[in-house]
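Undergrad: give the three-dimensional model of this entry:
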Amino acid sequence: MRKLIVILIFFILTNQSYGQHDSLFFFREFSVSINRTTIFKDISNDRFGFGLGIHGSLFKKHKTNLRLGLELNRTIFFLKKVYDSHFSYLTDITYILNTLTLPITIRHNLGEKLNYFIEYGLYWDLALSSKEEGTIHIDSPYQHSTDIYKTDNSLANNIGISLGLGLRIPTKKHELFISTDYKFGFGTVDHYNDSPPNCYLMLIFEFRL
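TA: Reported below is the predicted structural model:
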């Protein structure tokens, strides 16, 4: 059901972009990103994911602009060890998180010869699906075992702040953008005490019609 809703939203917004050229919220910027999780803990390693997005600008011809967007992001985390309870812990855990991201940002366009910009704002990650795989170890007075652990993790929604820097490359008819954006989420990946926040760095390639 969630996948159907996402596809429907994308369909509506892209149709608006072709049919309403005078609309203030004209979604005509399409992006592809490489996502890299950033976890500053010894118990974890970063992993690569990806993203797709569409964005629109409220004041297209101004130096300072308000932007809205809709993104599908996949982030992947790897944790070496977390404790599940007094008698069990998990090792070599991989999290695969799929979210629908709703960003609202302010972009400041700077420079004359070199067109660059800084961008900052807020975003909301809506959980679509997630998976958790690893090895579970049970060490209790009544049981000693090791087994493969797989589950569809119940990921909670996440709110965070973002900060980015990029270049604008004008062409004859369209515009290209290359930028980096760091998303710092306030929510954690899982309920374990050692779970990291859902933070990731994005390398974004964007095309404006």
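Undergrad: what residues are bridge-paired with the residue positioned nearest the centre of the chain?
TA: Nearest to the geometric centre of the chain sits residue 73, at 4.4 Å (C-alpha atoms, centre = their mean). Each beta-bridge partner of residue 73 is listed here, defined by DSSP bridges: residue 51, residue 99.
Undergrad: do you know how far it is from residue 93?
TA: Per C-beta to C-beta, to the nearest Å, residue 73 is found 20 Å from residue 93. Bear in mind the C-beta positions are built from the backbone N, C-alpha and C, glycine included.
Undergrad: which helix or strand in the protein has the lowest average pLDDT?
TA: Scoring the helices and strands of the chain by mean pLDDT, DSSP states H and E places helix 2-19 at the bottom, with a mean of 50.
Undergrad: mind listing what's buried in the helix or strand just after it?
TA: Once the chain leaves helix 2-19, the next helix or strand it forms, by DSSP states H and E, is strand 26-37. Buried residues in strand 26-37, counted by 16 or more other C-beta atoms under 10 Å: 26, 27, 28, 29, 30, 31, 33, 35, 36, 37.
Undergrad: same thing with stretch 130-143?
TA: So for stretch 130-143, counting by 16+ other C-beta under 10 Å, buried means 130, 132, 134, 136, 137.
Undergrad: ok, those vs residue 160, which is closest?
TA: Taking C-beta to C-beta as the measure, residue 160 sits nearest to residue 130 out of those, at 16.6 Å.
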